[in-house]
Each structure stands twice: as C-alpha cells, then as structure tokens.
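Novice: Build me a model:
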Amino acid sequence: MAEASRTSEARRDAVFGRWVIFSPARSRRPTDLKSHGPANPSPGPGDSNAPKPSCPFCLGRESECAPEIFRVPAPDASSPWRIRVIENLFPALRRDVEPPAPEEGEEPVGTGECAVRGFGFHDVVIETPGHDLRLWDLDAEGVGDVLLAYARRVRQLAEHPAVKYVQVFKNHGASAGASMAHSHSQMIGTPFVPPSVTSRLNCMKEVFERSGKCSLCEIQCKDILVSETRNFSAIVPFAASYPFEIWIIPREHSSFFHEIDQDKVLDLGSMLKNILEKLCKQLNDPPFNYMIHSAPFGLSSSCIPYTHWFLQIVPQLSVTGGFEMGSGCYINPAFPEDAAKILREIDCSI
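Specialist: Residues are numbered from 1 along each chain as shown. As a prediction, the model looks like this:
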C-alpha cells in the first residue's frame, strides 16, 4: 500500500495482546520521524578513551564502583578488562535483604493488596572501558561478548531459589532513563514473575491453543522484515506499539535467552550492531531502550512450545500520553511496513 493512501487502522498484537492504532495523520512522512537531538551529543569512535572526571565506569576508576561480580578480560594487553559486571550502587531491590517466603505475595487477601520485602538483584554491565564508545561502535565479537555476559549472569541468578525472573535491559540517553553516559546495561532479578511477563505468556498460549503454533515462529511476512541471518530475524512487528520498534527473534524456537550458544551469540551480536547502526543513522542517534523478553525460571514443560524469547528495541520518538496510560492502547504514527522498508534500505557501510 502506498504511503500516501494510508488511513488509520487498529491492529492487535499476538504477543503482548495490545491494541495499537496506526494514525499516519499524526505525523509527517515516516522518513521525517527523527530524534530532535542525539542521545549523547559527544560520543563516537575515535574520541579519547581517557577517564572522564566524574565517570566511575571508566578504565582506572574501578575502585569508585560498587563491588565487581565478574569481568571479561580484554583480548589483548590494551586493557585489563573488556566488560565488567558489577552490583548497582543504588539498587531497586537489595540482595542483602531476607528473601520472602515462597508463599508470600502469591495469594493476596482482603482488598487484594500485598507487600513483600524488597529482595532481589540489581546489576550493571559496563560494556566497554572506553567512555565515548557506544555499543554499536564495538565489533560484532565485542557486542557478542556483552550478550554472553548477560547470559552468564542470568544463569548465575537462576541458581538462587528465590529469583523467579531476570529482566535484562539497556537505557540509552537520559530521556530513555540512562543516568550515566558511559555505555552500559542492567538487569534486575525479582522474587516474582512480573505481570507483563505473565500476560505475554498467556497471550502466546491463547495463540498456541487456537493454532497449535508458536506466534513468533509463525512470523513470515516479508513486508515487516528488516534483516535476516541464519539464526535471527529482525522485524518491525505487525502491531508495533512504537514508531520504528524492532524485534530480533531467534528463527529456531527457543524459550530461554540464557541458553544461547557461542555460534548464535556472534550472529546476534552482528545483527544487533547492524540494527542499532541503522536506527542511529536514520533517526539521529535517538534515545532508546532495549529489553530481552525471556521465559521465567521454573517454567513448566507444557509451556515450552509457545514460549519464545526475543529482544525488543524501542526508540524514544514519541511521548506516552493520557490515552495510552488510560486505555493500555498505543497510537503509532508509522505503519510497520513503511518503517521496515526505510530501515531495510539503509546502508551502514557508507
């Protein structure tokens, strides 16, 4: 369908169960959607790697950080480390608190409200020693090493009996929630399965019970495809909640991100680097968030056929308003097919 002939359309997402209204009248052409200013005005390859005066994530300032959990060594003698995984100095949940008893919070009584102790894990992944390097400035192997660090830490947290779910996420840019400019990501291990995870699994279960197929294995529409490798597909989802939202999906059915192997992680690192480069080039280095949606620990074997992990990237190009907050529906000014076509055609080699 030609861009000029688009009219408003409502679509329901088959993974999160959300309704999204596509309203091209609320913006100019999709190619005009850009960030008003880069997320980090100064960073980029080739800049000084010297420690910044106030950045504890920089090489040489390790003693200013919270305790280190582990580090990934650099491939040569240029640095004592390539990646560091540390405790968050200002954690949302605390690892030194007594975990709630298994039955706490599971059966709300009375008004339905309940409270449990704020136990959990909140960690930071420092992706590079260089202050002015962004994740996609690393080579594919470097991005893959960051992903392997995520998987390694998630496996460690899975061994704790009180941790039910780990959310891995990255905030890039202050308006996307990043408090530090130095490239990093985070993960939070919770003593409960978050409601959005339960909702996602229930929605995918409904699709499976109707069709006998996994809703993410069945995505085959070429109009929403951005790029594809042997192991992964990158799409603008059919009912994208946000303009230029991207999902990177394993082509082989897989429920748990932390089970990814070395071969696939290098492929994923290459694709993630390429997609972030495309978004940066097309959208003027926008603030963004990415999240890895995996299965909760202890998932029943009966849920495996419809539970499929994926990585979601959300550029921050619009503001969530009262309609979205009140209704749970989203308004997207860019049709997925148009956004996917624009991103497909971007050549990051020039």
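Novice: could you pull out the strands for the stretch 1-150 of the chain?
Specialist: According to DSSP state E, counting those that start in this stretch, the stretch 1-150 of the chain carries its strands in the segments 9-12, 19-22, 68-72, 83-87, 121-126.
Novice: These: which one's closest to residue 340?
Specialist: strand 19-22 (13.3 Å; Cβ to Cβ). Backbone N, C-alpha and C define where each C-beta goes, glycine included.
Novice: CA atoms of that closest one as CSV?
Specialist: What follows is strand 19-22, C-alpha atoms only, in CSV (Å, rounded to 0.1, in the frame of the first residue of the first chain):
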residue,chain,number,x,y,z
TRP,A,19,-4.3,-2.9,20.5
VAL,A,20,-2.4,-0.3,18.5
ILE,A,21,-3.9,2.5,16.4
PHE,A,22,-1.8,3.4,13.4
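Novice: what does that strand contact?
Specialist: Contact with strand 19-22 is made by 6, 8-13, 239-241, 328-335, as judged by Cβ atoms under 8 Å, 6 or more residues apart in numbering.
Novice: which of these are buried?
Specialist: 6, 11, 13, 239, 240, 241, 330, 331, 332, 333, 334, 335 (16 or more other Cβ atoms under 10 Å).
Novice: Reformat the strands of the stretch 1-150 of the chain into JSON lines and put mean pLDDT and distance to residue 255 next to each item.
Specialist: Putting the strands of the stretch 1-150 of the chain into JSON lines (pLDDT from 0 to 100; distance: least, Cβ to Cβ, whole Å) gives the following:
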{"stretch": "strand 9-12", "mean pLDDT": "95", "distance to residue 255": "23"}
{"stretch": "strand 19-22", "mean pLDDT": "95", "distance to residue 255": "25"}
{"stretch": "strand 68-72", "mean pLDDT": "96", "distance to residue 255": "25"}
{"stretch": "strand 83-87", "mean pLDDT": "97", "distance to residue 255": "24"}
{"stretch": "strand 121-126", "mean pLDDT": "98", "distance to residue 255": "21"}
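Novice: Residue 232 is nearest to which of these?
Specialist: Of the strands of the stretch 1-150 of the chain, the one closest to residue 232 (Cβ to Cβ) turns out to be strand 121-126, at 20.6 Å.
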